[in-house]
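> sequence first, predicted model second:
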Amino acid sequence: MYRSIRIASRKADAVAIVLLDSQKTVPAGYAGLDRELGGAITEALKRPEFAAKLGSVTTLYPAKGAARLFIVGLGDGKQLTQAVRIAASKLVCSTFNSRVESLRFVVTPALEGKSFDNEVIGSAIGEGLVLGNFEFDAFKGTVNAKKKAKDKNKPRVDDLSVEIEAPLRDAADQGRLVSESANMARTLSATPPNVANPKYLVEYAKKMAKEVGLKCNIIDYEAAKKLGMGGLVSVGAGGSEKPAMICLEWKGKSSEFRVRSSELKRKAAGLNSELRNENSELGTPNSELSGPILLVGKAITFDTGGYSIKPMPSMCGMKYDKSGGMTVLAAMHAIAKLKLPGHVVGLVPTAENMIDEDAYRPNDIITFFNGVTCEITNTDAEGRLILADALAYGCKTYKPRAVIDLATLTGAVVIALGNQCAGAFVNDDDLHRRLFDAAERTGERLWHLPLWEEHKDYMKGHHSDLVNSGIREAGSIQGAAFLSYFVARDGDFEKNEKVPWAHLDIAGTADMDRDTPLFPKGPTGFGVRLLVRAVEMWD
C-alpha cells in the first residue's frame with residue numbers, strides 16, 4: 001500500500017537536504033541550518049566515507065534542532081530535474097522506514113550557481129515524493145498478516161507532512177496531485193487479470209468518474225456490435241468478460257483553474273524548442289479544429305496472443321498490456337482533480353484476448369467503425385484493432401482538435417529503444433512541440449520515429465482494405481501505420497482531412513523488469529504526468 005503525503009507548512013520533527021557529490025564544504029545557503037542542527041552537516045562532509053551519489057540517503061541524528069537529518073545525494077547534477085525527482089523518491093522511502101511523520105525538505109541552497117526554474121524543480125519534488133511512495137502489496141496475504149502481527153504494538157505512520165521552501169510549494173503540491181493519479185495507474189496496471197478484467201475496469205471508471213466530476217459513458221458489447229466496432233468486438237469475443245469502451249469527458253472552466261496557467265504556457269513555448277522536429281511528414285496545425293483533446297489508451301486486460309498464441313516467457317507479464325488505458329484513466333482523473341480548463345475526452349477500449357470457440361481467427365475479415373475492412377493475419381496484433389475503433393469513433397463523435405493515443409503496442413519498440421523512452425509518431429509540428437516539451441519537463445522521455453506513406457503501404461490487404469500484421473521489418477512503425485487509417489476529420493478516412501495525432505508506443509516504458517533509480521520493478525504509470533502537463537499547457 002502507499003501512504004498519504006501532504007505538502008504543508010508546519011513544525012517538522014526531521015530535516016532533509018540535498019547535496020551534489022562535488023560539494024565537499026557546506027553550501028553558503030545551508031550555513032544557518034547547519035548552525036541550527038549543531039554543525040551536523042559540516043561533520044558529515046568531513047567524513048572521508050561520505051558521498052552524495054545520486055539517490056543515496058545518509059541518516060544522521062543531530063545533537064540539537066531535529067530528531068533526524070537526511071542528506072540525499074544528487075550525484076553530478078547534470079540532469080538536475082531528474083536528479084531532484086529521484087532524490088525525493090529515495091527520501092520518502094527513508095522517512096517511512098524511520099516512522100517520520102513530518103519533514104522539512106530544503107533543496108535550493110545546494111543548487112547555488114546552477115540555472116533552474118522553481119516551478120520545474122518544485123514539480124519534480126512533489127512527483128518524486130509520491131512516485132517513491134508506492135507499493136503494490138494488496139495480494140501478499142501471508143506477508144501482510146505477519147507484518148500486521150509484528151507491528152500491532154507499534155504506531156503505524158500512514159501520513160507524512162512535508163514542508164517545502166515557499167517558492168517551490170505550489171508546484172510541488174501540483175506534482176504531488178498528478179503523481180497520485182500516476183500511482184493509481186500503477187495500481188490498476190499491476191492488478192492481476194483474474195481481478196482486473198474488462199468488467200472490473202468499467203465499474204472502476206464509473207466510480208472514479210463520479211468521485212472527481214467526469215462524465216462517464218460506457219459502450220458495452222451489444223452497443224459496440226450495433227455501432228459496427230468489429231475490432232473491439234472480435235478481439236474480446238473469446239474473453240471471460242465481454243469487451244467495452246469507457247468514455248470519459250471533462251469540460252473545465254477557466255475560472256476554476258487554480259494553477260499558474262498563463263505562466264506555464266509562456267515557459268512551455270520556449271522550453272526545449274530545439275526538440276521541434278522538422279521532418280517532412282509533420283504537418284502544420286489545422287486552425288479549424290477546435291474540439292476537445294482526445295486521449296485514447298489500449299486496455300487489453302490479458303493477452304494470450306489468441307490463436308497466434310504467445311510462447312510462455314512472452315505471456316507472463318501480459319497483465320501490463322492494459323497500461324496505456326490505465327494511463328488515460330489516470331490522466332483524466334488528474335485533469336479533473338486539478339480542474340484544468342478546456343475540453344478533454346478519454347477513450348479506453350478494453351478487452352481480454354483469449355482462446356475460445358467464439359474467439360477470432362487468422363483469415364477472419366472484420367469491419368471497423370469507419371467502414372475500413374481488415375484481414376486478420378495475426379491474432380496477437382490485437383491492440384491496434386481495438387484502438388482502431390476507438391480512434392475512428394472518437395474522431396467522428398467528438399471532432400477533436402488533437403488526438404494522442406498510448407499503447408503497449410509492439411515488442412519492436414523495446415528492441416529499438418529499450419526502456420529509456422517511448423516511441424513517438426507525430427503527424428503535426430505543433431503537437432510534436434507540445435508533447436516533447438511536456439516530456440522534457442516530466443522526464444517521461446520520447447523519441448521521434450518516422451511514419452511515411454511507404455510504411456502505410458505495408459498494411460494494405462489483398463482481399464480486404466488492410467491486414468493487421470505485415471512484413472517483418474519496421475514492426476513498431478507498422479503498428480503506427482495501421483492506426484493512421486483511423487485518424488481523420490469526422491472519422492472519414494477517404495476525405496483524408498488530417499487531424500493532429502500522436503501515437504506513443506509505451507511497450508518499453510510501461511513496466512520495468514528490474515529496479516531503476518526512480519522506479520522499482522513493476523509498473524511505472526508512464527504517460528500520466530506527460531499527458532497532464534501537455535493538456536495543462538494547451539492554448
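Done, it's in. Keep in mind the model is a prediction, meaning the values are calculated, not measured. Residues are numbered from 1 along each chain as shown.
> every contact and neighbour count from this point should use C-alpha atoms.
Will do.
> now do the helices in the stretch 301-450 of the chain.
All helices of the stretch 301-450 of the chain, identified by DSSP state H, counting those that start in this stretch, fall at 312-315, 323-338, 383-398, 411-417, 429-442.
> list the contacts of the shortest one.
For helix 312-315, contacts defined as Cα atoms under 8 Å, 6 or more residues apart in numbering pick out D303, T304, G305.
> how about it as CSV, C-alpha atoms only?
Output of helix 312-315 as CSV, limited to C-alpha atoms (Å, rounded to 0.1, in the frame of the first residue of the first chain):
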residue,chain,number,x,y,z
MET,A,312,5.2,-18.8,-22.2
PRO,A,313,8.0,-16.4,-21.5
SER,A,314,6.2,-13.7,-23.6
MET,A,315,2.8,-14.4,-22.0
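> chain center to it: distance?
24 Å (Cα atoms, centre = their mean, to the nearest Å).
> the third one now?
Using Cα atoms, centre = their mean, the distance from the centre of helix 383-398 to the centre of the chain it belongs to is 20 Å.
> what are the buried residues along stretch 410-417?
Of all the residues in stretch 410-417, those buried under the rule 16 or more other Cα atoms under 10 Å are T410, G411, A412, V413, V414, L417.
> so who does the first one touch?
Okay, so that is T410. T410 makes contacts with G475, S476, G479, D505, A507, as judged by Cα under 8 Å, 6+ apart.
> give me that answer again for 10 Å
Taking Cα atoms under 10 Å, 6 or more residues apart in numbering, we find T410 in contact with 381, 383-384, 475-480, 505-508.
> restricted to helices, list the residues you listed.
Counting by DSSP state H, the part of these found in helices is G383, R384, G475, S476, I477, Q478, G479, A480.
> wait, the third one touches G411, no?
Yes. Shown here, G475 and G411 form a contact pair, counting by Cα atoms under 10 Å, at 8.0 Å.
> outline the domain layout of this protein.
4-172, 191-256+278-536 (automatic domain parsing).
> pick the most buried one from these.
Comparing the domains of the chain on average neighbours per residue, with mean count of other Cα atoms under 10 Å, the densest one is domain 191-256+278-536 at a mean of 21.
> for that one, measure first residue to last.
End-to-end distance for domain 191-256+278-536: 29 Å, by Cα to Cα, to the nearest Å.
> C395 against I404, yeah?
No. In this structure C395 lies outside contact range of I404 using Cα under 10 Å: 11.4 Å.
> what touches both of the two?
By Cα under 10 Å, 6+ apart, C395 and I404 have these common neighbours: L294.
> re the thing from before, now the helices of the stretch 301-450 of the chain in TSV, with distance to T524 and mean pLDDT?
Converted to TSV, those look like this (distance: least, Cα to Cα, whole Å; pLDDT from 0 to 100):
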stretch	distance to T524	mean pLDDT
helix 312-315	19	92
helix 323-338	9	98
helix 383-398	20	97
helix 411-417	15	96
helix 429-442	13	97
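> for the ones you listed, which one sits closest to V26?
Smallest distance to V26 across the helices of the stretch 301-450 of the chain (Cα to Cα): 29.1 Å, for helix 429-442.
> helices or strands next to that closest one in the packing?
In terms of contacts (3 or more Cα pairs under 10 Å, 6 or more residues apart in numbering; DSSP states H and E), helix 429-442 is packed against helix 80-97, helix 118-131, helix 261-270, strand 402-407, strand 422-426, strand 446-448, strand 501-505, helix 528-536.
> distance to V72 added to the ones in helices among the contacts of T410, as a markdown table?
Formatted as a markdown table, the ones in helices among the contacts of T410 follow (distance: Cα to Cα, whole Å):
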| residue | distance to V72 |
| --- | --- |
| G383 | 42 |
| R384 | 44 |
| G475 | 42 |
| S476 | 39 |
| I477 | 41 |
| Q478 | 44 |
| G479 | 42 |
| A480 | 42 |
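> closest one of these to C316?
Once Cα to Cα is applied, the member of the ones in helices among the contacts of T410 that ends up nearest C316 is G383, at 17.0 Å.
> tell me the spacing between the closest one and G231.
In terms of Cα to Cα, G383 sits 9 Å off from G231.
> now swap in G75 and tell me
Here G75 is placed at a distance of 49 Å from G231 (Cα to Cα).
> sweet, I'm off.
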